[in-house]
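> Prediction below, plus the sequence it came from.
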Amino acid sequence: MPTPMDAGRTGSPSAVPAWFVVVELPVRPRAARTELAAGERLDPAGVVQLDRALDRGLQTAVLTLDRAGYGPDDDWVVDRWIECDTFDADAVLQAVRALEGVVVAVTSAVPGFAGTAAVAARALGLRGPTPGSAALADDRGALHRALADAGLPGVDWAEVAAHDPDLTSPIGYPCVVRPVDGGGAFDAGLVSDDRELRALAARHLARPDYGRGMRPRRLLVVEEHVPGPRFGVDGYVDGSDPVVLAWSEVVTTPPPHLDSLVRTATTRPPVPEAIDWVRAWLAATGHDAGPFHLEFLLGPAGPRLADLGPGLPGGGGHACTDLVSGVDTADLAVGLLLGEPPAVPAPGAAGASTQVLLVAHAVGVVREVAGVREAAGIPGLVAAEVVTDVGRVAGPATCWQERLGQVVTVGDTPEQSWRRAAAALDAIQVDVVAPALPRPAPRPGARSCRDVAASSVVVRRRGPGSRIR
């Protein structure tokens with residue numbers, strides 16, 4: 001029986017292929033044109049993991065329900081695409097066992113498939129998180145129930161059917177609303193009444209799928225709105241105790257949409273006891289191996305878990321963690337699956353790193369994109385990209401694919417990193433022609449994080465009228 005130590009990509013007669021297998025891949029738009037990108041290329045964490053597996057001499061395979069849905073963009077990191085029913089653990093196992101050689105890891109960086117990958121890995125005797133946990137369920141209701149079962153404080157919440165014609169919030173208003181599934185990445189909102197709730201439900205019902213064949217369950221979770229700052233945590237579990245690599249302060253888009261807008265990462269926790277909260281949340285939800293990304297709110301009644309993902313943050317967000325921790329987190333994730341010792345942080349890490357997402361705040365057609373290359377000269381710029389282009393329709397983002405781009409910077413302090421990101425945003429302009437009636441221009445004076453981030457997308461009305469930011 002061959003072992004992973006016998007395997008390799010050398011092509012020698014004695015080499016046995018060793019396979020690093022992932023179930024589906026995270027995808028996101030890339031720069032629409034070469035001139036609309038500056039700095040580093042920020043691939044999704046799952047794609048970077050495949051690259052790190054190749055660096056180790058492993059062969060890579062991606063199991064997918066629909067190969068055509070990916071196109072050729074990721075072929076450079078995939079040795080073999082295999083079509084199978086990626087929702088079915090038995091089908092995944094059958095496809096994996098058909099590979100010649102030895103399989104050294106089965107994983108997924110897509111929340112909806114992390115549970116299936118964990119079942120397959122466990123059946124093959126490979127490393128990975130324990131199957132069946134709330135952390136792997138891609139079910140917000142399961143997370144809430146797990147917290148309650150562990151005796152941890154949580155928010156008031158309820159599940160409601162999106163198609164209910166008399167839809168209302170059983171917990172009152174204002175409330176946060178998300179689909180029960182989809183990894184928390186789609187159709188989230190902060191609503192203040194039945195009208196706004198039903199409008200969000202209508203948008204959700206109009207979404208045919210989440211991609212990769214994932215069909216929405218059409219259930220919404222309404223949750224108590226917790227006023228207070230939002231924080232992110234990125235780290236990993238290797239054994240019994242979690243290791244935190246980065247803490248971040250998170251700013252979300254203005255209501256009614258609720259999406260990440262600004263994230264500034266450092267290695268300093270917001271309060272000393274935050275690590276104890278993280279440890280308790282991970283234990284309650286059953287996340288016992290591999291990387292994690294969670295977010296929590298620090299409200300008047302104390303901390304409340306907001307989101308938990310069994311993997312690295314999506315949309316290139318893992319780059320901020322890498323920059324402040326000195327750890328290549330995609331490489332770390334691969335190493336943990338292979339039983340390697342965790343990486344030692346490299347010297348020279350940044351004091352802080354900021355990611356700002358470019359979003360439109362009104363529906364319209366993109367008329368002009370400019371300033372990306374000018375942003376390249378700003379000190380501390382890591383990456384800037386615009387993923388939309390002239391002639392495309394833009395509007396408030398309800399998922400990653402609808403965002404217009406991003407900027408990532410570093411600095412010695414959070415303030416310096418944020419100022420550099422704001423300077424890059426001032427350089428980049430995305431002009432959108434919006435035919436709706438004019439709205440008042442923003443008030444003069446000091447601008448908040450939300451104001452500065454929004455200034456990168458200039459919405460102009462047809463004919464004379466004010467500039468909407």
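Received the coordinates, thanks.
> Show me the shaky parts of the stretch 251-400 of the chain.
Within the stretch 251-400 of the chain, the set of residues satisfying pLDDT under 70 comprises 400.
> Now do the domain split for the chain, please.
4-126, 156-224, 230-468 (automatic domain parsing).
> With distance to Ser133 added, can I get those domains in a markdown table?
No exception for glycine: its C-beta is placed from N, CA and C like everyone else's. As requested, these are arranged in a markdown table below (distance: least, CB to CB, whole Å):
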| stretch | distance to Ser133 |
| --- | --- |
| domain 4-126 | 8 |
| domain 156-224 | 15 |
| domain 230-468 | 3 |
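> Now tabulate the ones you listed in a markdown table and tack on mean neighbour count and distance to Ala146.
Below are the domains of the chain laid out as a markdown table (neighbours: other CB atoms under 10 Å; distance: least, CB to CB, whole Å):
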| stretch | mean neighbour count | distance to Ala146 |
| --- | --- | --- |
| domain 4-126 | 19 | 14 |
| domain 156-224 | 18 | 12 |
| domain 230-468 | 19 | 5 |
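> avg pLDDT for stretch 146-153?
Along stretch 146-153, the predicted confidence averages to a pLDDT of 98.
> Residues contacting that stretch, please?
133-134, 154, 280-281, 283-286, 301-302, 304-305 (CB atoms under 8 Å, 6 or more residues apart in numbering).
> from these, which two are the most distant?
Comparing all pairs in the contacts of stretch 146-153 by CB to CB, the longest separation belongs to Ser133 and Ala301, at 26.3 Å.
> Narrow the contacts of stretch 146-153 to those in strands?
With strands defined by DSSP state E, the entries of the contacts of stretch 146-153 inside them are 302, 304-305.
> Out of those, which is nearest to Val222?
Arg304 (14.7 Å).
> got the contact list for that closest one?
Arg304 sits next to 153-155, 226, 296-297 when contact means CB under 8 Å, 6+ apart.
> Dump those into JSON lines; add distance to Gly101 as well.
As requested, the contacts of Arg304 are exported to JSON lines (distance: CB to CB, whole Å):
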{"residue": "Pro153", "distance to Gly101": "49"}
{"residue": "Gly154", "distance to Gly101": "46"}
{"residue": "Val155", "distance to Gly101": "48"}
{"residue": "Val226", "distance to Gly101": "50"}
{"residue": "Phe296", "distance to Gly101": "42"}
{"residue": "Leu297", "distance to Gly101": "47"}
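> Just name the closest of these to Ala117, please.
Minimum separation from Ala117 among the contacts of Arg304 (CB to CB) is found for Phe296, which lies at 25.8 Å.
> so that closest one bridges to which residues?
Phe296 has the following beta-bridge partners by DSSP bridges: Phe231, Leu305.
> if I read this right, it contacts Pro229, doesn't it?
No. In this structure, Phe296 sits apart from Pro229 without contact. The criterion is CB atoms under 8 Å, and the distance is 9.6 Å.
> for Leu337, phi and psi?
Per-residue torsions, Leu337: phi -70, psi -30 (degrees, to the nearest 10).
> and what of Glu83?
The main-chain torsion angles of Glu83 are listed as degrees, to the nearest 10 and equal phi -90, psi 130.
> Hmm, Ala68 and it touching each other?
No. Contact criterion CB under 8 Å: Glu83 and Ala68 do not qualify, at 9.3 Å.
> ok, so what distance separates the residue nearest the centre of the chain from Ala38?
For the chain, the residue nearest the mean C-alpha position is Gly314 (2.5 Å; CA atoms, centre = their mean). The spacing between Gly314 and Ala38, counted by CB to CB, to the nearest Å, is 21 Å.
> what residues are up against Asp88?
Per CB under 8 Å, 6+ apart, neighbours of Asp88: Thr116.
> Could you do Leu143 as well?
134-135, 137, 285, 305, 308.
> can we see that at 6 Å?
Taking CB atoms under 6 Å, 6 or more residues apart in numbering as the criterion, Leu143 is in contact with 134, 285.
> buried residues in whichever strand or helix holds it?
Using DSSP states H and E, the element containing Leu143 is helix 140-149. The neighbour-count check on helix 140-149 (16 or more other CB atoms under 10 Å) flags 140-147 as buried.
> Give me the nearest residue to Gly339, chain neighbours excluded.
Arg127 (6.2 Å; CB to CB, 6 or more residues apart in numbering).
> What ranges does the stretch 51-200 of the chain have for its strands?
Secondary structure of the stretch 51-200 of the chain (DSSP state E, counting those that start in this stretch): strands located at 59-64, 80-83, 102-107, 157-161, 175-179, 189-191.
> Of all those, which one comes closest to Ala89?
strand 102-107 (10.2 Å).
> now the angle between strand 59-64 and the closest one, please.
50 degrees (axes from the mean of the first three to the mean of the last three CA atoms, to 10 degrees).
> now strand 102-107: mean pLDDT?
Mean predicted lDDT for strand 102-107 stands at 98.
> which element follows the strand or helix carrying Ala424 toward the C-terminus?
Ala424 belongs to helix 414-427 when elements are defined using DSSP H and E. Counting by DSSP H and E, the next helix or strand C-terminal to helix 414-427 is strand 429-434.
> got a list of what Pro283 touches?
To be clear, residue 283 is Ala; Pro isn't right here. In this structure, Ala283 makes contact with no residue, judged by CB under 6 Å, 6+ apart.
> gap between it and Val77?
For Ala283, the distance to Val77 equals 34 Å [CB to CB].
> With Pro341 instead?
Pro341 sits at a distance of 24 Å from Val77 (criterion: CB to CB).
> before we move on, what about Glu40?
When distances are taken as CB to CB, Glu40 and Val77 turn out to be 17 Å apart.
> the strands in the stretch 351-469 of the chain, which residues?
Taking DSSP E, counting those that start in this stretch as the criterion, the stretch 351-469 of the chain carries its strands at 352-358, 364-370, 381-386, 393-394, 405-411, 429-434, 457-461, 467-468.
> Those strands: which one's closest to Thr60?
strand 381-386 (24.3 Å).
> Centre of the chain to stretch 116-126, how far?
For stretch 116-126, the distance between its averaged C-alpha position and the chain's averaged C-alpha position is 23 Å (CA atoms, centre = their mean, to the nearest Å).
> And stretch 190-206, by the same measure?
Per CA atoms, centre = their mean, the displacement of stretch 190-206 from the mean C-alpha position of its chain is 23 Å.
> Now that stretch: average pLDDT?
Taken as a whole, stretch 190-206 carries a mean pLDDT of 95.
> Also stretch 171-183?
Along stretch 171-183, the predicted confidence averages to a pLDDT of 93.
> what comes into contact with it?
Contact partners of stretch 171-183, identified using CB under 6 Å, 6+ apart, comprise 111, 138-141, 156, 158, 169, 184, 186-193, 200, 210, 216-217, 219-225.
> Stretch 405-423 now?
The contact list for stretch 405-423, computed with CB under 6 Å, 6+ apart, reads 264, 266, 319, 323, 350-358, 378, 380-387, 424, 452.
> what separates the spatially closest residue to Phe20 that is not a sequence neighbour from Gln59, distance-wise?
Leaving aside its sequence neighbours, Phe20 sits nearest to Ala53 (CB to CB, 6+ apart; 3.8 Å). Shown here: Ala53 relative to Gln59, a distance of 8 Å by CB to CB.
> swap in Ser325?
Computed as CB to CB, the Ser325 to Gln59 distance reads 29 Å.
> Great, nothing more from me.
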